[in-house]
Structures are given as structure tokens and as C-alpha cells.
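Chemist: could you look at this predicted model? Sequence included:
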Amino acid sequence: MRSIGKAAALTLGFFGASQALEATILADTNRDGRIDTTGKSDHTGKDTWTETSGALLLANIGDSNRRCSSNITTFEFDETLVDYNLCNDATGNVQRNPKYLAPVLTLPITNLGDSATGSVVVVDKTAASKVRVFLKQGDDGWTYIASNYTFTADQLRQGLNLGVDAREVRTDRWDGRATLQFSVEDNGAKAKDSVAMRVAPVLTHHPAQLAEQVVVTDFKLEDGDTFSDRYNGDFERFSALAGLKKPVLRANQSDEWTQDFFEAGYTTMPGADGPVTLRVMIASAQNSTSRIRSHRWLFREMRSDTVGAVQHYTYGDTTDSTGNLEAVPPYTFNGKTWPAGRTVLGSHHGVKPEITKFLNAQEVQAPIEIDTTWLEVGHTDEFMQFLPAQNERGWVMMVDDPMAGLAILQQAQKAGNGNVSALSRPVMPEDDDTRCLPKDTLDDVLNRVNLTEIQKYCDDNIKANIDIVKRETGITDGEIIRVPTLYHPANNTLKCVIQWNSTWTPGSNYSVQAREELTGRHRTHGRPRPVSILEAAGVETSSSSSPSSSSSFSSGITQRDDAPKTLQVSAMYPGCINGVVLSNTEYVAPNPWGPIVDGKDILATAVTAAYAKANYTIHFMDDWFTHHTSQGEIHCGSNVIRETSAKWW
């Protein structure tokens, strides 16, 4: 009797266990693009999100059918700041773009009574306001699931086919984490299960991603000019030569600094057929008058069912122009792998750009902070870039070399070419009589007071920034290529008064005259039109003044009232490093228009040789009046949309 009783108890125990209520909710925790409902690969660790494990979802912020974009009809010169983030595909509770839903499933519960009910909720209050859950119902599309939505027994028996998206991207106010809780109740019995998810980061492109499309602006420097037609036509020609997938996009708006008002980015998650990607145009963290208009164009013209955009409500200065935002390609160093590379941006006097908070919130491309205080405009792209390369690292760093540029000119002078024109740019059909070209000779340039000291000052600052990148990435001198160039004190409205024979040394505390402050606004590239290279350099030649005279020159020292006095410079000749990587072998640079010796431009020849070390063919285009005399170059005046297929997870 005793053995029979034990057997009966075991039978009853197994019967009871088979009837225990169990709820299971699953997402793509292992990030292979599929949800495993038969094995355990998506069960393990599903309630915790980490860098290497945990389901992803996308911020569904595109604009299908241009529902939002078509309503942006404001007059071009309206300066009203509008919150464009408030209208996109994730506005409200209608599913307009289901291809960006992250799949979530519940396993069928077959042993339910007819009165059983269930729910799926986003646990955290903040996350619940930013994450949407939808139920797939046959051919009728997707039904929004509010927190009080109740599932029936029949639905629970079949298992729920859910889709999840986010209303916004990761920010410093919300890290994108969300936990979905699945609850079931049946005749007094209750069961719960949860799965952790997180919004995928918004990533910026790095130059090792192949270019697909160039964006330029149909700007007009003044009424009737045709500079942009030739400039943009050059980009169309070189883009076709490089085999880009899409034709050049011409932005019909007035901000010629196409690189500076937005950064092309993307957000991506695993999918059954490969990564699912939404492009995201990142507006610069600036709300100056010109940038308000530029951002309006961005949200009106760039968004679609496959492209979204994000806006920032801060009044960043020049360092928040996105020409200051570059990216290192993927690498591994000190046991840490950066599969999407890292962003690089410059700070002025230790003050980080406003957009740093947004970049930090993405985490995956943690910013490398360099110092661009020594530059008048203050952008990373003025002296540093990264190129894909056929080496073990997969890329090289290109960095300006002002001492090499100086040596090239000095060697030409020593060889008896001092009377050669310092600038070889010819007069072009687009030039009018209001625009003049420098007439200085090579001797004129090299006779400038403090020329060598200024190049050394720039070189010291560049080397300090190289050391920062070395510490962060492990790059070695053998993977760094120097590009000859020259700098001069920037020609801006600030004036510094010194004696003609004063000796400038780095850190000199110049007397700064007052200038109109652009409080709360971004000071974009200026628009000086130098009469000569000497005036552009802002330094008198030793033969042009008597010892007793004083001279006033444009130094371009630009700073906050409380900032230390710092010499700030810009490119003397068009800065070739400020160009565009179109492929793994094709590079477009501004023509430096250096002195012609023995039939060759000695600066262009040296730059060509530098890029040849990285196996690049260089194509030169003119930007003297379109961008250079306003302290920018062709990278500043263009933007590139690149491929997005690589995984970051």
C-alpha cells in the first residue's frame, strides 16, 4: 500500500506541474535577427541588457508619405525656431512604418481557461512614454497596445505577434532602456515574464564606409553669381568618376556650409535578412538665424520613409558645427573593440561642444576630445582626417604638416624662385571685378614677420592632438601621413596692435579690441575677401614698415571674454586635408594653387605625393572664392551619405 501511495502522489505531482501557468515573452536577445521559439538561445539573459546581449529596437522617426515634411511651408527667411522632432512616423499611436518594428513574441499557452486574460506593458514610466507596442492582427495591420489593453484567452493560446518601436532616440534624458512585462491571469493563477530591450544608438559615418551620395548647396554668394554651379558641377563629375550609387543632391537653400549644419548618421538593428537601418540626419546643435533655416530645409527635404532626423535645442557656437565632428574607423585597443569606430570633435579652451551630450548618450562611438582652440573656426576637419587603407589597422590618419609646407616654399626660394607668384590660381569666368586675387610673390610670403614661429606654433598644437589620438587608438607614427600646408593668423574683425619688429611667441597676451558679440548665436565661417596673401595672413613684411611705425593686422583671435588670449589661425592656402573621401582610392581636395616652379604647382605636387602613400588618387577642385576666403574648404561645403551595412553589435 505504501508504494502504491507514493506512485499516486508522483502522478498527481507531474499532472499538477503540467498544468502550471507559465508566461514567456521573447525578443531577439542574442541579436541574430530571429527569435528562437524552440531552443533557448533567446531565453538566456533576456531580462538584462548589456553591450553584447539584449534585444534592440529602433526609434521610428522617419516621415512616410512626407506627412510631416509637406507641412513645413514656412517662408525661407523666417527665423522662428520650430520643434520638428514633434512630428514623425512615431507621433501618436498609428503604425505608419512597420518595417522598423522590432519583433517580440509570446509563446502559446494552450492550457488556458476561457476567462484567462493577459497584458503587455512597458514597466518604467519614462520608458512607457517613449516606447510603443503593437499587435499584428492578420491582414488588418498593427494595433496599438496601450497599458490597459487586455488580451483574450484565444489570443494568448495562439501566442502574440508583437512589434515594438520608440518615439525618440537615445538622449542624455533617456538612455533608451525599456523592459516589456508579459502578465497572464487564469482563474486566480498568475504568471509574469519580462524581456529587456534598448533603443539602438544613432551612429555617425566613418570614412571607411563607402560613399553613396554627396550633398551640396545651391548657394549664391551674391545675386547673379555662378560659383555654385561650377563648384557643384565639379562634385557631380567626381562623384560619377568614383561610381557613387546616387547623383549629387543639391540643397536649394542659402547655407553653403553643407557639412556644418548636419551630420549624416544612421540607426540599425539585426533583422532576419540582415541589418534593418533607418538613416538619421543629425542637425547641428545650433540655433543661429542661418542654421534655423538650414535645419528647416533638412527636416523638410531629407526625411522620408527611410530617413529620419533629430534636432537639438541648444545655441552651440562654432565648435557645434558638424564639420567639427569626424569619426575614427573601427579598431581594437587595450582590450576594447569599437566596431563602429569613434567620433572625434574639438573643444575650445576646454569647453566641449553641446552635441557631446548627445554623442555620449549613444555610447557606442564614445567621443575622442581634441583641442582646436588654436584654430579660428575650430573644426577638426581643418587639420585631421582618417582614410581607409590596405594595412593591418585598416586605416591611416592624415594630419597637416605646416613645417613641411614652409620648407617647400623656402626650398623654392633658395633655388632662385622668389619672384614667382605665390598664388597660381588664374582668373576664371565666374570671377567678377569685385573679386581680386593676391599678387604677392614667394619672397613676399616668406619675408613675413613671425612666419616660421607661427608654423611651429601650429605644428606643436597638431602634434599635441596627434598624441591624444595615439593614446585613444594606439595608432603609430608609421600609420600617420603628414600633409604639407601653411597657416596664418585668421583675417577676422578682431585687431591686434603690435610693433613691426615685435617677436611673437606662443601664449603672447595680445591686446584685443572690442568686437560685436553674437550672444547666443553660432558664429559661422566669416566672409573676408583678402586683397593679398599678406593681408590674409595678417602680418606685415619686414620691408613694409619702418622701425618706428606700428601696424594693425587681422589676427583672428576669437574668444569669450573670460577665455585666455590665444593666437588662432586658418589655412593660408586652401587646406587639402579638408576634402572628401569618395572611395577607397579616390579623394577630392581643394586646389591649393601653390607657386608654379618648373611647370608644376609645388604644393599640389607635395600633397599628391602624400596621398599616394595611402594609395589615393587625388582630384583637385577650386574653392578659392566659394569657401576658402571665408575660412573653409570643400569638406566644409559638402556632406556625404555612406553605406550602413556593417554591424556595430
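Modeler: Yep, that arrived.

Chemist: what pLDDT, on average, does the lengthiest helix in the chain get?
Modeler: When the chain is parsed with DSSP state H, its longest helix is helix 451-473. Mean pLDDT, computed over helix 451-473, is 98.

Chemist: convert the C-alpha atoms of it to CSV, please.
Modeler: The C-alpha trace of helix 451-473 is given here as CSV (Å, rounded to 0.1, in the frame of the first residue of the first chain):
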residue,chain,number,x,y,z
LEU,A,451,56.1,83.2,-40.3
THR,A,452,58.3,80.4,-39.1
GLU,A,453,57.2,80.9,-35.5
ILE,A,454,53.6,80.7,-36.4
GLN,A,455,54.1,77.4,-38.4
LYS,A,456,56.0,76.0,-35.4
TYR,A,457,53.1,77.1,-33.1
CYS,A,458,50.7,75.3,-35.3
ASP,A,459,52.9,72.2,-35.6
ASP,A,460,53.1,72.0,-31.8
ASN,A,461,49.3,72.1,-31.5
ILE,A,462,48.9,69.5,-34.2
LYS,A,463,51.4,67.2,-32.5
ALA,A,464,49.6,67.5,-29.2
ASN,A,465,46.4,66.4,-30.9
ILE,A,466,48.2,63.5,-32.6
ASP,A,467,49.3,62.4,-29.1
ILE,A,468,45.7,62.4,-28.0
VAL,A,469,44.6,60.1,-30.9
LYS,A,470,47.6,57.9,-30.3
ARG,A,471,46.6,57.4,-26.6
GLU,A,472,43.0,56.6,-27.5
THR,A,473,43.5,54.4,-30.5
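
Chemist: beyond it, next helix or strand please.
Modeler: strand 480-484 (DSSP states H and E).

Chemist: for this protein, what spans make up the helices?
Modeler: Going by DSSP H, the chain shows helices at 2-18, 125-130, 153-158, 227-242, 289-297, 356-362, 402-412, 442-446, 451-473, 533-537, 602-612.

Chemist: from those, which stretch is densest packed?
Modeler: helix 533-537 (a mean of 24; mean count of other C-beta atoms under 10 Å). C-beta here means a position set from N, CA and C on the backbone, and glycine is covered the same way.

Chemist: how about the contacts made by the nearest residue to residue 566 once chain neighbours are set aside?
Modeler: Leaving aside its sequence neighbours, residue 566 sits nearest to residue 373 (C-beta to C-beta, 6 or more residues apart in numbering; 5.5 Å). Each residue near residue 373 by C-beta atoms under 8 Å, 6 or more residues apart in numbering is listed here: 347, 348, 349, 566, 568.

Chemist: ok, residue 373 to residue 346 distance?
Modeler: Between residue 373 and residue 346 the distance is 8 Å, computed by C-beta to C-beta, to the nearest Å.

Chemist: repeat for residue 227
Modeler: 28 Å.

Chemist: with residue 478 instead?
Modeler: Counting by C-beta to C-beta, the gap from residue 478 to residue 346 is 25 Å.

Chemist: try residue 298
Modeler: For residue 298, the distance to residue 346 - C-beta to C-beta - is 23 Å.

Chemist: so between the two, which is more surrounded?
Modeler: More crowded of residue 298 and residue 346, by other C-beta atoms under 10 Å: residue 346, with 29 against 26.

Chemist: contacting residues around the closest residue to the more buried one other than its chain neighbours?
Modeler: Sequence neighbours aside, residue 372 is the residue nearest to residue 346 in space, at 3.0 Å (criterion: C-beta to C-beta, 6+ apart). Residues near residue 372 by C-beta under 8 Å, 6+ apart: 319, 324, 346, 347, 348, 378, 379, 380, 382.

Chemist: who's in contact with residue 22?
Modeler: So residue 22 contacts 109, 191 (C-beta under 8 Å, 6+ apart).

Chemist: for the protein, which helix or strand comes out least confident on mean pLDDT?
Modeler: strand 550-554 (a mean of 26; mean pLDDT, DSSP states H and E).

Chemist: re the thing from before, next step: the contacts of residue 372 restricted to strands.
Modeler: Of the contacts of residue 372, the ones assigned to strands by DSSP state E are 346, 347.

Chemist: now the two most distant members of the contacts of residue 372.
Modeler: Within the contacts of residue 372, 347 and 382 form the most distant pair, 14.1 Å apart (C-beta to C-beta).

Chemist: picking that back up, ok now the longest helix of the chain, how far from the chain's centre?
Modeler: 23 Å (C-alpha atoms, centre = their mean, to the nearest Å).

Chemist: can I assume residue 308 is in contact with residue 281?
Modeler: Yes - the pair residue 308 and residue 281 qualifies as a contact (C-beta atoms under 8 Å) at a distance of 7.3 Å.

Chemist: higher neighbour count, these two?
Modeler: A direct count of neighbours by other C-beta under 10 Å for residue 308 and residue 281 places residue 308 higher, at 31 against 25.

Chemist: quickly list what residue 620 is bridged to.
Modeler: residue 589 (DSSP bridges).

Chemist: same check on residue 482?
Modeler: Beta-bridge pairing for residue 482 (DSSP bridges): residue 399.

Chemist: how many neighbouring residues does it have?
Modeler: Neighbour tally, residue 482, other C-beta under 10 Å: 21.

Chemist: contacts only, for it.
Modeler: 398, 399, 400, 401, 404, 610 are the contacts of residue 482 under C-beta under 8 Å, 6+ apart.

Chemist: one more pass at 10 Å, please.
Modeler: 397-405, 459, 462, 466, 577, 610, 613 (C-beta atoms under 10 Å, 6 or more residues apart in numbering).

Chemist: can you tell me how far it is from residue 584?
Modeler: For residue 482, the distance to residue 584 - C-beta to C-beta - is 21 Å.

Chemist: what's the overlap in contacts for residue 373 and residue 346?
Modeler: residue 319.

Chemist: isn't residue 304 right next to residue 61, touching?
Modeler: No - taking contacts as C-beta atoms under 10 Å, residue 304 lies outside contact range of residue 61: 11.5 Å.

Chemist: more crowded one of the two?
Modeler: Using other C-beta under 10 Å, the more surrounded residue of residue 304 and residue 61 is residue 61, with 28 against 14.

Chemist: what's that one in contact with, if anything?
Modeler: 68, 85, 87-91, 97, 100, 165-169, 202, 267, 278, 280, 303, 307-310.

Chemist: and for residue 169?
Modeler: Neighbours of residue 169 in contact, by C-beta under 10 Å, 6+ apart: 58-59, 61, 85, 130, 176, 199-202, 265, 267, 278, 280, 282, 308, 310, 358, 361-362.

Chemist: what bridges to the closest residue to it other than its chain neighbours?
Modeler: In this structure, residue 169 finds its nearest non-sequential neighbour in residue 59, 4.4 Å apart by C-beta to C-beta, 6+ apart. Per DSSP bridges, the residues bridged to residue 59 are residue 166.

Chemist: the contacts of residue 169 in strands, which ones?
Modeler: 199, 265, 267, 278, 280, 282, 308, 310.

Chemist: coming back round to it: give me the common contacts of residue 308 and residue 281.
Modeler: 202, 265, 266, 299, 302.

Chemist: max pairwise distance over those residues: which two?
Modeler: Pairwise over those, using C-beta to C-beta, the maximum falls at 266 and 299, 16.8 Å.

Chemist: right, and residue 195 touches residue 25 too?
Modeler: Yes - counting by C-beta under 10 Å, residue 195 touches residue 25, with 5.1 Å between them.

Chemist: so the two - more neighbours on which side?
Modeler: residue 195 (29 against 21).

Chemist: pLDDT value on the more buried one, please?
Modeler: pLDDT, residue 195: 99.

Chemist: who does it bridge with?
Modeler: residue 180.

Chemist: quick one: residues contacting it.
Modeler: Contacts of residue 195 by C-beta under 10 Å, 6+ apart are 24-29, 35, 42-43, 46-49, 54-55, 104-106, 120, 164, 178-182.

Chemist: go on, residue 635?
Modeler: 258-260, 323, 326, 379, 381-382, 385, 575, 577-581, 588-590, 623, 627 are the contacts of residue 635 under C-beta under 10 Å, 6+ apart.
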